[in-house]
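K.L.:
can't give you the sequence, but here's the structure:
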(Lines give C-alpha, C1' and ligand atoms only; values in the text may rest on other atoms or scores of the structure.)
Protein backbone atom coordinates (compact mmCIF):
# COMPACT_ATOMS: atom_id res chain seq x y z
CA UNK A 1 0.00 0.00 0.00
CA UNK A 2 2.71 2.46 0.93
CA UNK A 3 5.01 4.28 -1.43
CA UNK A 4 8.73 3.51 -1.77
CA UNK A 5 9.25 6.78 0.09
CA UNK A 6 9.13 4.62 3.23
CA UNK A 7 11.74 2.14 2.06
CA UNK A 8 14.49 3.66 4.20
CA UNK A 9 12.34 3.33 7.32
CA UNK A 10 11.76 -0.31 6.48
CA UNK A 11 15.49 -0.92 6.09
CA UNK A 12 16.29 0.79 9.39
CA UNK A 13 13.64 -0.91 11.47
CA UNK A 14 12.67 -4.03 9.63
CA UNK A 15 9.17 -5.42 9.17
CA UNK A 16 6.86 -5.98 12.14
CA UNK A 17 6.87 -9.48 13.54
CA UNK A 18 3.91 -11.43 14.82
CA UNK A 19 1.96 -9.98 17.73
CA UNK A 20 3.60 -10.74 21.03
CA UNK A 21 7.18 -11.04 19.73
CA UNK A 22 10.03 -9.76 21.88
CA UNK A 23 12.51 -7.02 20.99
CA UNK A 24 16.02 -8.24 20.32
CA UNK A 25 17.50 -5.29 22.21
CA UNK A 26 15.95 -4.37 25.54
CA UNK A 27 15.60 -0.88 26.93
CA UNK A 28 18.28 -1.47 29.54
CA UNK A 29 20.73 -2.84 26.99
CA UNK A 30 20.14 0.10 24.68
CA UNK A 31 20.54 2.57 27.54
CA UNK A 32 23.88 1.04 28.49
CA UNK A 33 25.15 1.07 24.94
CA UNK A 34 24.18 4.68 24.34
CA UNK A 35 25.16 6.23 27.67
CA UNK A 36 27.69 9.10 27.36
CA UNK A 37 31.30 8.15 27.97
CA UNK A 38 33.25 10.04 30.59
CA UNK A 39 34.45 13.33 29.11
CA UNK A 40 32.82 12.61 25.74
CA UNK A 41 31.74 15.82 23.92
CA UNK A 42 28.02 16.03 23.14
CA UNK A 43 28.58 16.11 19.39
CA UNK A 44 30.79 13.06 19.48
CA UNK A 45 28.27 11.26 21.68
CA UNK A 46 25.42 11.94 19.25
CA UNK A 47 27.50 10.81 16.30
CA UNK A 48 28.55 7.60 18.03
CA UNK A 49 24.99 6.78 19.02
CA UNK A 50 23.75 7.55 15.54
CA UNK A 51 26.25 5.12 14.06
CA UNK A 52 25.40 2.58 16.74
CA UNK A 53 21.71 2.99 15.99
CA UNK A 54 22.34 2.20 12.34
CA UNK A 55 23.88 -1.12 13.27
CA UNK A 56 21.45 -2.28 15.93
CA UNK A 57 18.98 -4.94 14.89
CA UNK A 58 15.63 -4.10 16.41
CA UNK A 59 12.33 -5.82 15.74
CA UNK A 60 8.88 -4.80 16.82
CA UNK A 61 6.66 -6.04 19.58
CA UNK A 62 2.98 -5.29 19.89
CA UNK A 63 1.78 -2.38 17.76
CA UNK A 64 -0.75 0.04 19.16
CA UNK A 65 -3.52 1.26 16.86
CA UNK A 66 -2.32 4.01 14.58
CA UNK A 67 1.40 3.27 15.06
CA UNK A 68 2.07 0.56 12.52
CA UNK A 69 5.38 -0.59 11.11
CA UNK A 70 6.94 2.86 10.89
CA UNK A 71 6.42 3.98 14.50
CA UNK A 72 9.76 5.21 15.81
CA UNK A 73 9.40 4.69 19.57
CA UNK A 74 11.20 1.34 19.47
CA UNK A 75 14.08 2.94 17.64
CA UNK A 76 14.37 5.69 20.23
CA UNK A 77 15.47 3.12 22.78
CA UNK A 78 18.58 2.57 20.68
CA UNK A 79 19.94 6.02 21.34
CA UNK A 80 19.61 9.73 20.50
CA UNK A 81 17.18 10.76 17.82
CA UNK A 82 16.36 13.88 15.86
CA UNK A 83 13.35 15.98 16.84
CA UNK A 84 11.94 17.34 13.59
CA UNK A 85 9.24 20.01 13.77
CA UNK A 86 7.22 20.95 10.69
CA UNK A 87 5.41 24.24 11.13
CA UNK A 88 2.32 24.01 8.95
CA UNK A 89 0.10 21.09 8.01
CA UNK A 90 -0.68 21.96 4.41
CA UNK A 91 0.43 20.14 1.28
CA UNK A 92 4.15 20.89 1.59
CA UNK A 93 4.12 20.33 5.36
CA UNK A 94 2.48 16.91 5.10
CA UNK A 95 4.94 15.87 2.41
CA UNK A 96 7.88 17.16 4.47
CA UNK A 97 6.65 15.14 7.45
CA UNK A 98 6.42 11.93 5.42
CA UNK A 99 9.83 12.57 3.91
CA UNK A 100 11.44 13.19 7.31
CA UNK A 101 9.72 10.10 8.74
CA UNK A 102 11.68 7.92 6.31
CA UNK A 103 14.60 8.11 8.74
CA UNK A 104 13.65 6.11 11.83
CA UNK A 105 15.96 8.23 13.98
CA UNK A 106 13.59 11.17 13.53
CA UNK A 107 10.57 11.92 15.65
CA UNK A 108 8.38 14.07 13.48
CA UNK A 109 5.74 16.52 14.69
CA UNK A 110 3.48 18.80 12.65
CA UNK A 111 2.40 22.01 14.38
CA UNK A 112 -0.73 23.40 12.70
CA UNK A 113 -2.31 26.76 13.52
CA UNK A 114 -5.82 25.72 12.51
CA UNK A 115 -8.12 23.09 13.98
CA UNK A 116 -7.17 20.52 11.34
CA UNK A 117 -4.51 19.93 8.72
CA UNK A 118 -4.99 20.39 4.98
CA UNK A 119 -7.89 22.88 4.92
CA UNK A 120 -6.50 24.81 1.97
CA UNK A 121 -5.74 21.58 0.13
CA UNK A 122 -9.45 20.73 0.26
CA UNK A 123 -10.29 23.91 -1.65
CA UNK A 124 -7.79 23.50 -4.50
CA UNK A 125 -9.14 22.92 -7.99
CA UNK A 126 -12.63 23.93 -6.88
CA UNK A 127 -12.60 21.05 -4.43
CA UNK A 128 -11.24 18.56 -6.97
CA UNK A 129 -7.53 18.99 -6.10
CA UNK A 130 -5.47 19.39 -9.25
CA UNK A 131 -2.45 17.70 -7.69
CA UNK A 132 0.09 18.02 -10.54
CA UNK A 133 0.47 18.54 -14.29
CA UNK A 134 2.03 16.18 -16.82
CA UNK A 135 3.20 19.16 -18.89
CA UNK A 136 5.51 20.55 -16.22
CA UNK A 137 7.81 23.26 -17.53
CA UNK A 138 10.25 25.73 -15.91
CA UNK A 139 8.37 28.50 -17.72
CA UNK A 140 5.39 27.80 -15.46
CA UNK A 141 7.20 29.08 -12.36
CA UNK A 142 7.86 32.64 -11.23
CA UNK A 143 9.79 34.63 -8.64
CA UNK A 144 12.96 36.70 -8.52
CA UNK A 145 14.87 33.51 -9.39
CA UNK A 146 12.45 30.95 -10.90
CA UNK A 147 15.37 28.62 -11.69
CA UNK A 148 15.75 28.04 -7.95
CA UNK A 149 12.78 25.65 -8.11
CA UNK A 150 14.34 23.30 -10.64
CA UNK A 151 16.57 21.41 -8.23
CA UNK A 152 13.60 20.28 -6.13
CA UNK A 153 11.32 19.74 -9.13
CA UNK A 154 13.99 17.51 -10.68
CA UNK A 155 14.77 15.59 -7.52
CA UNK A 156 11.09 14.80 -6.91
CA UNK A 157 9.27 15.30 -10.17
CA UNK A 158 5.86 14.60 -11.63
CA UNK A 159 6.41 10.86 -12.07
CA UNK A 160 7.78 10.60 -8.54
CA UNK A 161 4.66 12.36 -7.31
CA UNK A 162 2.34 10.02 -9.20
CA UNK A 163 4.26 6.99 -7.94
CA UNK A 164 4.14 8.34 -4.40
CA UNK A 165 0.38 8.81 -4.41
CA UNK A 166 -0.15 5.52 -6.20
CA UNK A 167 1.76 3.90 -3.35
CA UNK A 168 -0.63 5.50 -0.89
CA UNK A 169 -3.58 3.98 -2.72
CA UNK A 170 -4.76 7.11 -4.56
CA UNK A 171 -6.21 6.55 -8.03
CA UNK A 172 -5.73 9.47 -10.41
CA UNK A 173 -6.83 10.57 -13.86
CA UNK A 174 -5.16 12.99 -16.30
CA UNK A 175 -7.02 15.41 -18.55
CA UNK A 176 -5.90 16.36 -22.06
CA UNK A 177 -4.50 19.59 -20.61
CA UNK A 178 -2.11 17.56 -18.46
CA UNK A 179 -3.94 18.35 -15.23
CA UNK A 180 -4.04 15.37 -12.86
CA UNK A 181 -6.94 14.86 -10.44
CA UNK A 182 -7.97 12.12 -8.05
CA UNK A 183 -10.26 9.66 -9.82
CA UNK A 184 -12.87 10.37 -7.15
CA UNK A 185 -12.85 14.04 -8.22
CA UNK A 186 -12.69 14.91 -4.52
CA UNK A 187 -9.84 16.73 -2.76
CA UNK A 188 -10.75 14.77 0.37
CA UNK A 189 -9.24 11.68 -1.24
CA UNK A 190 -5.82 13.33 -1.47
CA UNK A 191 -5.91 14.65 2.08
CA UNK A 192 -7.13 11.34 3.48
CA UNK A 193 -4.30 9.24 2.04
CA UNK A 194 -1.76 11.79 3.29
CA UNK A 195 -3.24 11.80 6.80
CA UNK A 196 -3.41 8.01 6.96
CA UNK A 197 0.19 7.70 5.77
CA UNK A 198 1.37 10.25 8.34
CA UNK A 199 -0.37 8.38 11.15
CA UNK A 200 1.11 5.09 9.94
CA UNK A 201 4.57 6.65 9.87
CA UNK A 202 4.28 7.82 13.48
CA UNK A 203 4.01 11.51 12.63
CA UNK A 204 2.43 13.43 15.50
CA UNK A 205 0.04 16.30 14.76
CA UNK A 206 -0.66 19.20 17.12
CA UNK A 207 -3.43 21.55 15.98
CA UNK A 208 -4.20 24.98 17.38
CA UNK A 209 -0.52 25.91 17.72
CA UNK A 210 -0.18 29.59 16.77
CA UNK A 211 3.59 30.08 16.61
CA UNK A 212 4.71 33.57 17.59
CA UNK A 213 8.45 33.28 18.02
CA UNK A 214 11.43 31.12 17.16
CA UNK A 215 14.72 31.30 19.02
CA UNK A 216 18.09 29.70 18.31
CA UNK A 217 19.30 27.46 21.11
CA UNK A 218 22.71 25.92 21.76
CA UNK A 219 21.52 23.13 19.50
CA UNK A 220 18.29 23.44 17.58
CA UNK A 221 15.44 25.92 17.87
CA UNK A 222 12.70 26.77 20.36
CA UNK A 223 9.22 27.58 19.06
CA UNK A 224 6.77 29.41 21.30
CA UNK A 225 3.04 29.85 20.69
CA UNK A 226 0.74 32.72 21.63
CA UNK A 227 -0.42 30.81 24.72
CA UNK A 228 3.13 30.18 25.89
CA UNK A 229 3.29 26.57 24.72
CA UNK A 230 6.71 25.63 23.45
CA UNK A 231 8.34 22.97 21.28
CA UNK A 232 12.03 22.27 20.77
CA UNK A 233 13.34 21.16 17.37
CA UNK A 234 16.72 19.79 16.35
CA UNK A 235 15.59 20.50 12.81
CA UNK A 236 12.85 22.96 11.88
CA UNK A 237 10.90 23.04 8.61
CA UNK A 238 8.85 26.15 7.89
CA UNK A 239 5.87 25.14 5.76
CA UNK A 240 3.35 27.81 6.81
CA UNK A 241 2.28 28.75 3.30
CA UNK A 242 1.60 32.30 2.18
CA UNK A 243 -0.91 34.98 3.04
CA UNK A 244 -3.40 34.17 0.27
CA UNK A 245 -6.81 32.82 1.23
CA UNK A 246 -6.93 33.91 4.85
CA UNK A 247 -10.24 32.13 5.45
CA UNK A 248 -8.52 28.85 4.54
CA UNK A 249 -5.38 29.46 6.58
CA UNK A 250 -3.44 32.19 4.80
CA UNK A 251 -0.99 33.73 7.24
CA UNK A 252 2.07 35.94 7.58
CA UNK A 253 3.51 33.64 10.24
CA UNK A 254 6.12 31.98 8.03
CA UNK A 255 7.52 35.30 6.85
CA UNK A 256 7.57 36.67 10.40
CA UNK A 257 9.27 33.63 11.93
CA UNK A 258 11.92 33.43 9.23
CA UNK A 259 12.38 37.18 9.64
CA UNK A 260 13.25 36.56 13.30
CA UNK A 261 16.07 34.33 12.05
CA UNK A 262 17.44 37.04 9.77
CA UNK A 263 15.62 36.28 6.53
CA UNK A 264 14.03 38.86 4.24
CA UNK A 265 11.25 38.64 1.70
CA UNK A 266 10.23 40.12 -1.61
CA UNK A 267 7.03 42.17 -2.04
CA UNK A 268 3.87 40.07 -1.82
CA UNK A 269 1.09 40.11 -4.42
CA UNK A 270 -2.11 38.06 -4.85
CA UNK A 271 -1.97 35.48 -7.62
CA UNK A 272 -4.41 32.98 -9.14
CA UNK A 273 -7.27 35.36 -8.48
CA UNK A 274 -9.94 37.25 -10.41
CA UNK A 275 -8.84 39.99 -12.80
CA UNK A 276 -10.98 43.09 -12.36
CA UNK A 277 -12.03 44.94 -15.50
CA UNK A 278 -14.28 47.77 -16.62
CA UNK A 279 -17.72 46.32 -15.80
CA UNK A 280 -19.59 48.06 -18.64
CA UNK A 281 -18.64 45.68 -21.52
CA UNK A 282 -19.51 42.57 -19.49
CA UNK A 283 -22.73 43.75 -17.84
CA UNK A 284 -25.21 40.88 -17.77
CA UNK A 285 -22.57 38.16 -18.24
CA UNK A 286 -22.17 37.08 -14.61
CA UNK A 287 -21.69 33.30 -14.48
CA UNK A 288 -21.12 32.84 -18.21
CA UNK A 289 -18.19 30.56 -19.06
CA UNK A 290 -16.26 30.55 -22.30
CA UNK A 291 -13.39 28.54 -23.70
CA UNK A 292 -11.01 31.15 -25.05
CA UNK A 293 -7.49 32.32 -25.69
CA UNK A 294 -6.74 35.25 -23.40
CA UNK A 295 -3.93 37.80 -23.66
CA UNK A 296 -2.75 40.46 -21.24
CA UNK A 297 -1.44 43.54 -23.06
CA UNK A 298 0.36 46.48 -21.51
CA UNK A 299 2.63 49.10 -23.01
CA UNK A 300 1.73 48.00 -26.52
CA UNK A 301 2.93 44.40 -26.10
CA UNK A 302 1.58 41.06 -24.96
CA UNK A 303 2.82 40.50 -21.41
CA UNK A 304 1.37 37.01 -20.94
CA UNK A 305 -1.19 34.73 -22.57
CA UNK A 306 -2.98 31.49 -21.87
CA UNK A 307 -5.91 29.43 -23.10
CA UNK A 308 -8.73 27.61 -21.37
CA UNK A 309 -11.88 28.40 -19.45
CA UNK A 310 -12.73 31.95 -18.44
CA UNK A 311 -15.73 32.89 -16.35
CA UNK A 312 -17.30 36.33 -16.32
CA UNK A 313 -18.26 37.95 -13.04
CA UNK A 314 -19.93 41.24 -12.17
CA UNK A 315 -16.54 42.93 -11.87
CA UNK A 316 -14.21 41.05 -14.19
CA UNK A 317 -12.96 37.70 -15.41
CA UNK A 318 -12.23 34.61 -13.34
CA UNK A 319 -11.48 30.97 -14.19
CA UNK A 320 -8.22 29.06 -14.86
CA UNK A 321 -7.15 31.05 -17.92
CA UNK A 322 -7.60 34.38 -16.13
CA UNK A 323 -5.97 33.08 -12.94
CA UNK A 324 -2.73 32.36 -14.80
CA UNK A 325 -2.56 35.97 -15.99
CA UNK A 326 -3.55 37.52 -12.66
CA UNK A 327 0.01 37.63 -11.29
CA UNK A 328 1.10 39.96 -14.08
CA UNK A 329 -2.25 41.78 -14.29
CA UNK A 330 -1.95 42.90 -10.69
CA UNK A 331 1.35 44.63 -11.41
CA UNK A 332 0.83 45.90 -14.97
CA UNK A 333 -0.03 49.52 -15.75
CA UNK A 334 -2.74 50.56 -18.24
CA UNK A 335 -3.33 46.95 -19.20
CA UNK A 336 -6.17 45.26 -21.05
CA UNK A 337 -7.40 41.72 -21.59
CA UNK A 338 -8.01 40.51 -25.14
CA UNK A 339 -10.25 37.44 -25.36
CA UNK A 340 -10.40 35.28 -28.47
CA UNK A 341 -13.80 33.65 -28.02
CA UNK A 342 -13.56 31.32 -31.03
CA UNK A 343 -9.91 30.39 -30.74
CA UNK A 344 -10.15 27.40 -33.07
CA UNK A 345 -11.35 29.59 -35.95
CA UNK A 346 -9.20 32.23 -37.74
CA UNK A 347 -10.88 35.60 -38.23
CA UNK A 348 -11.58 35.07 -42.00
CA UNK A 349 -13.34 31.80 -41.15
CA UNK A 350 -15.42 33.53 -38.47
CA UNK A 351 -16.45 36.17 -41.00
CA UNK A 352 -17.38 33.42 -43.47
CA UNK A 353 -19.58 31.77 -40.81
CA UNK A 354 -21.37 35.08 -40.22
CA UNK A 355 -21.89 35.62 -43.95
CA UNK A 356 -23.31 32.11 -44.26
CA UNK A 357 -25.66 32.76 -41.35
CA UNK A 358 -26.86 35.98 -43.01
CA UNK A 359 -27.51 34.19 -46.29
CA UNK A 360 -29.32 31.27 -44.65
CA UNK A 361 -31.41 33.28 -42.16
CA UNK A 362 -31.88 36.78 -43.57
CA UNK A 363 -34.86 37.54 -41.29
CA UNK A 364 -33.08 36.47 -38.08
CA UNK A 365 -32.73 39.35 -35.58
CA UNK A 366 -29.14 40.57 -35.87
CA UNK A 367 -28.53 40.21 -32.12
CA UNK A 368 -29.02 36.44 -32.54
CA UNK A 369 -26.34 36.14 -35.21
CA UNK A 370 -24.08 34.10 -32.91
CA UNK A 371 -26.73 31.63 -31.76
CA UNK A 372 -25.22 28.15 -31.70
CA UNK A 373 -21.68 29.54 -31.70
CA UNK A 374 -21.38 31.14 -28.26
CA UNK A 375 -23.32 31.27 -25.01
CA UNK A 376 -26.59 33.15 -25.83
CA UNK A 377 -25.89 36.00 -23.40
CA UNK A 378 -22.31 36.36 -24.55
CA UNK A 379 -23.34 36.29 -28.23
CA UNK A 380 -25.95 39.03 -27.74
CA UNK A 381 -23.50 41.15 -25.76
CA UNK A 382 -20.97 41.05 -28.61
CA UNK A 383 -23.62 41.76 -31.23
CA UNK A 384 -25.02 44.74 -29.33
CA UNK A 385 -21.48 46.09 -28.81
CA UNK A 386 -21.28 46.23 -32.61
CA UNK A 387 -24.62 48.00 -32.96
CA UNK A 388 -26.61 44.91 -33.94
CA UNK A 389 -30.06 44.71 -32.40
CA UNK A 390 -33.51 43.63 -33.57
CA UNK A 391 -32.98 44.52 -37.22
CA UNK A 392 -32.99 41.55 -39.67
CA UNK A 393 -29.61 40.16 -40.65
CA UNK A 394 -30.45 40.92 -44.28
CA UNK A 395 -30.06 44.63 -43.54
CA UNK A 396 -26.70 44.33 -41.74
CA UNK A 397 -23.86 45.70 -43.91
CA UNK A 398 -20.75 43.63 -44.53
CA UNK A 399 -18.68 46.17 -42.55
CA UNK A 400 -20.76 45.46 -39.43
CA UNK A 401 -20.24 41.70 -39.83
CA UNK A 402 -16.50 42.29 -40.19
CA UNK A 403 -16.54 44.38 -36.99
CA UNK A 404 -18.39 41.57 -35.20
CA UNK A 405 -15.84 38.99 -36.37
CA UNK A 406 -13.05 41.21 -35.07
CA UNK A 407 -14.87 41.66 -31.74
CA UNK A 408 -15.22 37.90 -31.35
CA UNK A 409 -11.47 37.43 -31.91
CA UNK A 410 -10.43 40.45 -29.81
CA UNK A 411 -12.95 41.17 -27.06
CA UNK A 412 -11.10 43.96 -25.22
CA UNK A 413 -11.59 44.57 -21.49
CA UNK A 414 -9.63 47.34 -19.73
CA UNK A 415 -7.98 45.98 -16.56
CA UNK A 416 -8.63 47.88 -13.32
CA UNK A 417 -6.75 45.54 -10.97
CA UNK A 418 -7.12 42.13 -9.35
CA UNK A 419 -8.98 40.79 -6.34
CA UNK A 420 -7.04 40.80 -3.07
CA UNK A 421 -5.43 38.15 -0.93
CA UNK A 422 -8.80 37.18 0.56
CA UNK A 423 -9.86 35.41 -2.63
CA UNK A 424 -6.41 34.65 -4.10
CA UNK A 425 -5.31 31.02 -4.23
CA UNK A 426 -1.56 31.71 -4.15
CA UNK A 427 0.88 34.36 -2.92
CA UNK A 428 3.33 35.74 -5.46
CA UNK A 429 6.57 36.67 -3.71
CA UNK A 430 7.94 35.33 -0.47
CA UNK A 431 11.13 34.69 1.47
CA UNK A 432 14.14 35.32 -0.75
CA UNK A 433 15.38 32.10 -2.29
CA UNK A 434 18.97 33.40 -2.41
CA UNK A 435 19.00 32.88 1.36
CA UNK A 436 18.43 29.12 0.94
CA UNK A 437 20.28 26.28 -0.73
CA UNK A 438 18.40 25.13 -3.82
CA UNK A 439 19.52 21.51 -3.48
CA UNK A 440 18.41 21.04 0.14
CA UNK A 441 16.20 24.07 0.90
CA UNK A 442 18.23 24.65 4.07
CA UNK A 443 18.67 28.20 5.27
CA UNK A 444 22.06 29.78 4.61
CA UNK A 445 21.47 32.05 7.62
CA UNK A 446 20.09 29.57 10.18
CA UNK A 447 21.59 26.07 9.87
CA UNK A 448 19.07 23.35 10.61
CA UNK A 449 16.14 25.42 9.37
CA UNK A 450 14.45 24.47 6.11
CA UNK A 451 11.58 26.04 4.16
CA UNK A 452 9.23 24.66 1.55
CA UNK A 453 6.09 25.52 -0.38
CA UNK A 454 4.46 28.89 -0.78
CA UNK A 455 6.43 30.68 1.94
CA UNK A 456 9.37 30.84 -0.48
CA UNK A 457 9.48 33.25 -3.41
CA UNK A 458 8.30 30.65 -5.92
CA UNK A 459 4.81 30.47 -7.37
CA UNK A 460 3.36 28.66 -10.35
CA UNK A 461 0.66 29.09 -12.94
CA UNK A 462 -2.82 27.66 -12.55
CA UNK A 463 -3.01 23.97 -13.44
CA UNK A 464 -1.41 21.91 -10.67
CA UNK A 465 2.00 23.60 -10.80
CA UNK A 466 1.81 25.07 -7.30
CA UNK A 467 0.89 21.75 -5.72
CA UNK A 468 3.76 20.09 -7.58
CA UNK A 469 6.07 22.68 -6.04
CA UNK A 470 4.58 21.83 -2.64
CA UNK A 471 5.21 18.09 -3.09
CA UNK A 472 8.72 18.56 -4.53
CA UNK A 473 9.92 21.17 -2.04
CA UNK A 474 8.29 19.36 0.89
CA UNK A 475 10.04 16.13 -0.04
CA UNK A 476 13.44 17.81 -0.37
CA UNK A 477 13.06 19.82 2.87
CA UNK A 478 12.08 16.65 4.72
CA UNK A 479 15.32 15.00 3.63
CA UNK A 480 17.01 17.44 6.04
CA UNK A 481 20.02 18.07 3.87
CA UNK A 482 20.66 14.52 2.75
CA UNK A 483 21.70 14.16 -0.85
CA UNK A 484 21.53 10.39 -1.14
CA UNK A 485 18.16 8.69 -1.19
CA UNK A 486 16.48 5.37 -1.83
CA UNK A 487 13.17 5.63 -3.59
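P.N.:
The structure has been received and is ready for your questions. Bear in mind the structure is a predicted one, so any value in this text is a computation, not a measurement.

K.L.:
buried sites along stretch 286-294?
P.N.:
Of all the residues in stretch 286-294, those buried under the rule 16 or more other Cβ atoms under 10 Å are 288, 290, 291, 292, 293, 294. In short, each C-beta sits where N, CA and C put it, glycine included.

K.L.:
Assign the third one to helix, strand or coil.
P.N.:
When states are read from DSSP: H, G, I helix; E, B strand; the rest coil, the local structure at residue 291 comes out as strand.

K.L.:
quick one: it and residue 343 touch, right?
P.N.:
Yes - with contacts counted by Cβ atoms under 8 Å, residue 291 reaches residue 343, the gap being 7.3 Å.

K.L.:
tell me, what's touching those two both at once?
P.N.:
residue 307 (Cβ atoms under 8 Å, 6 or more residues apart in numbering).

K.L.:
which of the buried residues of stretch 286-294 sit farthest apart?
P.N.:
The span of those, defined through Cβ to Cβ, is set by 288 and 293 at 16.7 Å.

K.L.:
which residues touch residue 357?
P.N.:
Contact analysis of residue 357 by Cβ under 8 Å, 6+ apart lists 364, 369, 393.

K.L.:
repeat that for 10 Å
P.N.:
Taking Cβ atoms under 10 Å, 6 or more residues apart in numbering as the criterion, residue 357 is in contact with 364, 368, 369, 370, 371, 372, 373, 393, 401.

K.L.:
Can you tell me which of the residues you listed end up in helices?
P.N.:
If you go by DSSP state H, the contacts of residue 357 have residue 401 in helices.

K.L.:
Same list (the contacts of residue 357) but as JSON lines, adding neighbour count, distance to residue 476 and pLDDT.
P.N.:
Formatted as JSON lines, the contacts of residue 357 follow (neighbours: other Cβ atoms under 10 Å; distance: Cβ to Cβ, whole Å; pLDDT from 0 to 100):
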{"residue": "364", "neighbour count": "16", "distance to residue 476": "61", "pLDDT": "97"}
{"residue": "368", "neighbour count": "17", "distance to residue 476": "57", "pLDDT": "97"}
{"residue": "369", "neighbour count": "25", "distance to residue 476": "55", "pLDDT": "97"}
{"residue": "370", "neighbour count": "24", "distance to residue 476": "51", "pLDDT": "97"}
{"residue": "371", "neighbour count": "15", "distance to residue 476": "54", "pLDDT": "96"}
{"residue": "372", "neighbour count": "10", "distance to residue 476": "51", "pLDDT": "95"}
{"residue": "373", "neighbour count": "17", "distance to residue 476": "48", "pLDDT": "97"}
{"residue": "393", "neighbour count": "23", "distance to residue 476": "61", "pLDDT": "96"}
{"residue": "401", "neighbour count": "23", "distance to residue 476": "57", "pLDDT": "97"}
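
K.L.:
Then residue 378 would be within a helix, right?
P.N.:
Yes - applying three-state DSSP, one finds residue 378 inside a helix.

K.L.:
In contact with it, which residues are there?
P.N.:
282, 284-285, 288-290, 292, 312, 339, 341, 370, 408, 411.

K.L.:
Below-threshold pLDDT in the stretch 351-487 of the chain: ranges please.
P.N.:
For the stretch 351-487 of the chain, the stretches flagged by pLDDT under 70 are 484-487.

K.L.:
Do a quick rundown of the helices in it.
P.N.:
376-385, 398-409, 465-478 (DSSP state H, counting those that start in this stretch).

K.L.:
got these as a markdown table, with distance to residue 264 columns?
P.N.:
Shown next, in a markdown table, are the helices of the stretch 351-487 of the chain (distance: least, Cβ to Cβ, whole Å):
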| stretch | distance to residue 264 |
| --- | --- |
| helix 376-385 | 46 |
| helix 398-409 | 45 |
| helix 465-478 | 19 |
